[in-house]
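> Got a sequence here, can you build the structure:
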Amino acid sequence: ARGCHAAIMVSEELGAVVKPQLGAKPVAVIPSCASERLFHFDPALRKTVRGRLQITDPQRLIVYAGSMAPHQGLPQLQALLERLAGEPGVKLLIITPQIHEAACLVQGLPPEAVQVISAAFEEMNGFLCAADFGILWRATDSTNRVASPVKMAEYALTGLPVILNQGVLQAWEWAGEI
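This next block holds a predicted model:
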């Protein structure tokens, strides 16, 4: 803060936290974003990927794409997944590089209701197009409060409604506006 001439923040909340240290220096807020070229809704891709995942039209596919890091609020996420897995016609898709940790998270859920996979970044648009809802879940703490997850932008560009908690204030506020 002392050495800069201006600052860029990813959220208004982060700007409010840091502003007292910056004094009169200008602050711009530029939220995390995603590429419209890489993330967009494609009905043909939706059909193809749903077929690959064996999801039929009356079924609702809910995707969680992210890490199994503690800041995700894993105990609360686990409780949410347990509730969703019990809903008729709901299939859960967990996409994460931490397959073992995710398998532990969903242990005890009906195997026909949940699938855990790892995917390349280039495949993500297809999985998001195939889904009916995305999950953005974070622990409610000071770090997440000021965050701006790229995942929110990716979900938005593919047209997904988002199941979220108040962990990320900016995402919660945007969801309320939408």
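> Let's verify Ala24: helix, strand, or coil?
coil (DSSP: H, G, I helix; E, B strand; the rest coil).
> what are the phi and psi values for the nearest residue to Cys4 once chain neighbours are set aside?
Of all residues not flanking Cys4 in the chain, Lys25 sits nearest, at 6.5 Å (CB to CB, 6 or more residues apart in numbering). All C-beta spots, glycine's among them, are computed from the backbone N, C-alpha and C. The phi/psi pair for Lys25 (degrees, to the nearest 10) reads phi -70, psi 140.
> Please verify my assumption that Lys25 contacts His5.
Yes. With contact defined as CB atoms under 8 Å, Lys25 and His5 form a contacting pair (6.6 Å).
> give me every residue that touches the residue nearest the centre of the chain.
Geometric centre of the chain, nearest residue: Leu136, 3.5 Å, by CA atoms, centre = their mean. Contacts here follow CB atoms under 8 Å, 6 or more residues apart in numbering; on that basis Leu136 touches Pro149, Lys151, Met152, Tyr155, Val162, Ile163, Leu164, Val168, Ala171.
> how about the helix or strand in which Trp174 is found as PDB, C-alpha atoms only?
According to DSSP states H and E, Trp174 maps onto helix 169-177. Listed next in PDB are the C-alpha coordinates belonging to helix 169-177 (Å, rounded to 0.1, in the frame of the first residue of the first chain):
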ATOM      1  CA  LEU A 169     -20.200 -11.600  -0.400                       C
ATOM      2  CA  GLN A 170     -19.800 -10.300  -4.000                       C
ATOM      3  CA  ALA A 171     -21.300 -13.500  -5.500                       C
ATOM      4  CA  TRP A 172     -24.200 -13.400  -2.900                       C
ATOM      5  CA  GLU A 173     -24.900  -9.800  -3.800                       C
ATOM      6  CA  TRP A 174     -24.800 -10.400  -7.500                       C
ATOM      7  CA  ALA A 175     -27.100 -13.400  -7.100                       C
ATOM      8  CA  GLY A 176     -29.600 -11.200  -5.200                       C
ATOM      9  CA  GLU A 177     -29.500  -8.600  -8.000                       C
END
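> switch to numbering from 54
Sure thing, new numbering starts at 54, so read that last one as helix 222-230.
> From the contact counts, what lies against the helix or strand bottoming out on mean pLDDT in the chain?
Least confident element among the helices and strands of the chain, by mean pLDDT, DSSP states H and E: helix 222-230 (a mean of 89). Applying 3 or more CB pairs under 8 Å, 6 or more residues apart in numbering; DSSP states H and E, we find helix 222-230 packed against helix 65-75, strand 215-217.
> So what sits opposite the residue nearest to the centre of the chain in the bridge?
Leu217 (DSSP bridges).
> Next, work out how far apart it and Pro163 are.
Computed as CB to CB, to the nearest Å, the Leu189 to Pro163 distance reads 24 Å.
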